[in-house]
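> Sequence and predicted structure, then a few things I'm wondering about:
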Amino acid sequence: MILGLGRYEITEEIYAGSSSCVYKGIDHLTGNSVALKVKHTFPDREAELNWHRSYKSMAVCHHPLLVPALDNIPYDQKNAFMVVMPYIEHVSLENHQWNLTDLIHLTMQVGQALVYLH
């Protein structure tokens, strides 16, 4: 699937949920790979406002353990929006064989990010 969205082009679906989808894409302005999270619908106005507040919070966070939001744009459906983030290659954590050292390291990273956010 390839879908053009102005400067962004969706190249593949990464995740599909009941209210949002995540795609991998290309930013044609920079040439960078991006992740595009599309929120299809909002149950009410407050949920939509929360989406925009979350985007603004992500956009101003500059920490190596947090993924920044690069853009928040209307999507092709009524009342749908898309947040653009840098695409980060990853290994699924779902089937990872965790040992105590890994868990301690992960917990410390989450703690560092939480300290930064608060």
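Received it, and whenever you're ready, just let me know what you need.

> Could you pull up the mean pLDDT of the longest helix anywhere in the chain?
When every helix of the chain is counted residue by residue (DSSP state H), the longest turns out to be helix 100-117. Within the predicted structure, the mean pLDDT of helix 100-117 is 92.

> Which strands or helices does it pack on?
Using 3 or more CB pairs under 8 Å, 6 or more residues apart in numbering; DSSP states H and E as the contact definition, helix 100-117 packs against no other helix or strand. Yep, even glycine has a C-beta here, placed from its N, CA and C like the rest.

> That one: how far from the chain's middle?
Its chain's average C-alpha position is 20 Å from that of helix 100-117, according to CA atoms, centre = their mean, to the nearest Å.

> now S18, what's its secondary structure?
coil (DSSP: H, G, I helix; E, B strand; the rest coil).

> Could you pull out the strands in this structure for me?
For the chain, the strands identified by DSSP state E occupy 3-5, 8-16, 20-27, 33-39, 71-74, 81-86, in order along the chain.

> could those go into a markdown table alongside mean pLDDT?
What follows is the strands of the chain, written out as a markdown table (pLDDT from 0 to 100):
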| stretch | mean pLDDT |
| --- | --- |
| strand 3-5 | 59 |
| strand 8-16 | 91 |
| strand 20-27 | 92 |
| strand 33-39 | 92 |
| strand 71-74 | 86 |
| strand 81-86 | 91 |
